[in-house]
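**Q** Return a 3D structure for these sequence lines:
(chains A and B)
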2 protein chains.
Amino acid sequence: MVRLAKIKVDPAQLHLYNSALKEQMATAIRLEPGVLTYYAVADKSDPSRITILEIYADTAAYKAHIETAHFKKYKETVEHMVKSLELVDVELIAAARQPGI
Amino acid sequence: MVRLAKIKVDPAQLHLYNSALKEQMATAIRLEPGVLTYYAVADKSDPSRITILEIYADTAAYKAHIETAHFKKYKETVEHMVKSLELVDVELIAAARQPGI
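**A** Numbering: from 1, shown residues only, chains lettered A, B, ... in the order given. Model (predicted):
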C-alpha cells in the first residue's frame, strides 16, 4: 500500500513539526515491520509544504500503524501545526536505487 | 539534490509512457552512480497523474544525467505523451526504510 501525504504546516511551528515527523518515522520503522519506507521532503520554495511518500506492506499494516501509541502521539502533537492534509492513494509504477543506498 | 516531478500523461498512451519511464529509470540507476534513487507512483484515482521522487548525488550528477543518451531517448519517446510536467525542487527532511528493503 503506497500513499502520498501532502501537508501544509504552520510556518511558525515548522521546526517542531519536522521534529515530531522524524520521531514518528524513525519509531514506526523500528517497531513496525509492516511500515516499509518513508521519504519526507519539503518544497525548497516553501519548506512548510511537505510531501511524504509512505509504503506499507499492506492495508492491515497501515491500519495497525494508525493505532500505535507513537502514531497517536504524533497526531496529537501536530494537531495544531498542520494547516491542511491531503492523502493521495497511489500505485507504485517502479522504484530503483543504487545498491547500498 | 532531490526533486519531485509531477507529470500528467495522455491516458491513451499511458502504457507506452510507463514502459519508457521504467526503462529510463533502470538504465540510469545501472549506468550512473550519481543517480541514487527513483520512486515513481501513479494516483489510484487517475493513473495518468504520475509523481516521481528523484534523488541525485548532487547538481553535477543531475546535469550529467540529462545529457545521457538514455535520458535523451526517454525525452524524445515521451515528448507527445506528456501533457504537463511540473518540477519541484525539494529538500529531504528524512528517509527511513526497513533493513533489506
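**Q** my guess is residue A:7 contacts residue A:81, does it?
**A** No: using C-beta atoms under 8 Å, residue A:7 makes no contact with residue A:81, being 9.3 Å away. Every C-beta, even on glycine, is put in place using the N, C-alpha and C of the backbone.
**Q** Can you name the residues in contact with the longest helix anywhere in chain A?
**A** The residue-count maximum for a helix in chain A (DSSP state H) belongs to helix A:14-31. Contacts to helix A:14-31, defined as C-beta atoms under 8 Å, 6 or more residues apart in numbering or on different chains, come from residues A:9-10, A:35, A:38, A:40, A:42, A:47-48, A:50, A:52, A:65, A:68, A:70-71, A:73-74, A:77-78, A:81-82, B:93-94, B:96-98.
**Q** Stretch A:65-77 too?
**A** Under C-beta under 8 Å, 6+ apart, the answer for stretch A:65-77 is A:16, A:20, A:21, A:23, A:24, A:27, A:28, A:31, A:32, A:34, A:35, A:56.
**Q** Nearest to residue A:89 among those?
**A** Minimum distance to residue A:89 across the contacts of stretch A:65-77 is 11.3 Å, recorded for residue A:56 (C-beta to C-beta).
**Q** Could you point out the bridge partners of that closest one in the sheet?
**A** residue A:35 (DSSP bridges).
**Q** hang on, isn't it packed against residue A:63?
**A** No: contact criterion C-beta under 8 Å: residue A:56 and residue A:63 do not qualify, at 9.1 Å.
**Q** neighbour count winner among the two?
**A** Using other C-beta atoms under 10 Å in any protein chain shown as the criterion, residue A:56 and residue A:63 rank with residue A:56 on top: 21 against 12.
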